[in-house]
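*Asks:* Any chance you could fold what I've pasted below:
(one chain, ligands or ions: 3)
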Amino acid sequence: MEKPKVRSDWTRAEVAQLYQRPLLALIMEAAAVHREFHPPGVIQTCTLLSVKTGGCSEDCAYCAQSVHYQTGVKAHKLLDVTVVEEAARRAKAAGATRFCIGAAWREVRPNRDFANLLEMVRRVRALGLEVCATLGMLVPWQARALREAGLTAYNHNLDTSAAYYPRIITTRTYADRLRTLQVVREAGLQVCTGGILGLGESEADRIDLLHTLATFEPHPESVPINRLVPIPGTPLAKAKPPSIWETVRVIATARLLMPTSKIRLAAGRESLSPVEQALCFVAGANSIFLGERLLTAPNVPLEADQALFEVLGIQAQPAFAENLPT
Ligand code: SAM
Ligand code: DTB
Ligand code: SF4
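*Replies:* Numbering: from 1, shown residues only. Ligands and ions are numbered 1, 2, ... in the order given. Sure, this is the predicted structure:
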């Protein structure tokens, strides 16, 4: 079989056609493409740490950390650099190969906190881990400073379609989001951007989001697919959870559209059974969050993931490894 080309010229109609294929056929095709581009059973393990929690001025309708909703999340100022370094050490010992630093900021500001953040990046990088950060909007010099400090990737999610975005967030625009992604790319950082399922979006919105991601040139190196973690106190506290079938359909379509990217089965994995997670891996997911906590919400217990890796024969992808097929 000839290796499929990596394309950034997908039309909306082509994306819809893939998305709407009979599910089993879609999964099988995605698995075949996955096998062409990635070694089987190798999964990237990322651990998150919220280094500044709560008090965020944005009104993202899903978020535990927005000041607009009463969610009971305990806010704290920027953590000490040594605390972050210690957490990264523990994450590495638990099997993580990428450490992701999250801050509940609308945007990065040029102050002492940013200087401390750069030091966190240096220290985590010095442990031999890949380092990702998600800090809100950025301007070019800040992206360059992060890169110089050793940052590997920057996470900045599009979350949903451009059309549905204003129903979820009113304090910034889709164009703001795209601009930051451009700044990240131009600074030579890897781009990590994806979405959330279960925001009340339609199938058309999911197709639009996948189309937007798949027409980036180059594709984002990693594409997190989050399942909404419903947070009491937010407008989406009672949202209907996305089904496993919708989750797998989005993962498989993303795998076909962006064959070389990491597709991350991100937040909301704890509400899937081991067998459901295995189906997501078959459909092309090859990255997860490892560790007891996401940013504010609980994740899968470590022992459960160790058992899952054992039974499926999964290995963590080493840090900085090229994920080439064997
Ligand atoms: N403040 C920064 C920003 O918005 O880019 C960084 C942190 S923010 C919490 C990172 C991402 O986590 C969001 O863009 C969203 O996609 C995801 N996220 C936040 N809360 C979530 C939830 N309750 N369920 C699923 N994903 C969530
Ligand atoms: C991403 O796509 N998901 C992560 C990470 N990037 C920053 C965040 C998930 C947050 C889940 C809800 C919480 O812990 O508050
Ligand atoms: Fe703030 Fe990010 Fe939460 Fe939105 S998702 S409220 S920007 S921390």
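*Asks:* show me the contacts for residue 306.
*Replies:* residue 95 (C-beta atoms under 8 Å, 6 or more residues apart in numbering). Quick note: C-beta positions are derived from backbone N, CA and C, even for glycine.
*Asks:* repeat that with 7 Å
*Replies:* Contacts for residue 306 (C-beta atoms under 7 Å, 6 or more residues apart in numbering) come out as none.
*Asks:* Can you classify it as helix, strand or coil?
*Replies:* With DSSP: H, G, I helix; E, B strand; the rest coil as the basis, residue 306 sits in helix.
*Asks:* likewise residue 206?
*Replies:* helix.
*Asks:* can you list the residues of the chain near ligand 3?
*Replies:* Applying C-beta under 6 Å from any ligand atom, we find that the chain lies next to ligand 3 at 56, 58, 60, 63, 65-66, 104, 106, 136.
*Asks:* Separate out the buried members of those.
*Replies:* 56, 58, 60, 63, 65-66, 104, 136 (16 or more other C-beta atoms under 10 Å).
*Asks:* Of those, which is the nearest to residue 182?
*Replies:* Nearest to residue 182 among those, counting by C-beta to C-beta, is residue 136 at 15.1 Å.
*Asks:* right, and the closest one touches residue 108 too?
*Replies:* Yes. Proximity of residue 136 to residue 108 meets the contact threshold set by C-beta atoms under 7 Å, at 6.4 Å.
*Asks:* What strands line up against the least confident helix or strand in the chain by mean pLDDT, and which way round?
*Replies:* Least confident helix or strand of the chain, by mean pLDDT, DSSP states H and E, is strand 315-316 with a mean of 94. Sheet pairing of strand 315-316 (DSSP bridges) gives strand 42-52 (parallel).
*Asks:* now the helix or strand following the partner strand against strand 42-52, angle please.
*Replies:* Using DSSP states H and E, the helix or strand that follows strand 42-52 in sequence is helix 81-93. If you take axes from the mean of the first three to the mean of the last three C-alpha atoms, to 10 degrees, helix 81-93 sits at 160 degrees to strand 42-52.
*Asks:* Identify each buried residue in helix 81-93, please.
*Replies:* Those would be 81, 84-85, 87-88, 91-92, for helix 81-93 by 16+ other C-beta under 10 Å.
*Asks:* Same question for stretch 10-29.
*Replies:* Of the residues in stretch 10-29, 10, 15-16, 18-19, 21, 26-27, 29 count as buried by neighbour count, 16+ other C-beta under 10 Å.
*Asks:* Which ones among these lie within strands?
*Replies:* Per DSSP state E, strands hold no members of the buried residues of stretch 10-29.
*Asks:* In TSV, list the residues you listed along with pLDDT.
*Replies:* Below are the buried residues of stretch 10-29 laid out as TSV (pLDDT from 0 to 100):
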residue	pLDDT
10	98
15	98
16	98
18	98
19	98
21	98
26	98
27	98
29	98
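*Asks:* okay if I get these as TSV plus distance to ligand 2?
*Replies:* TSV is the format used below for these (distance: C-beta to the nearest ligand atom, whole Å):
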residue	distance to ligand 2
10	22
15	21
16	24
18	22
19	20
21	26
26	23
27	22
29	25
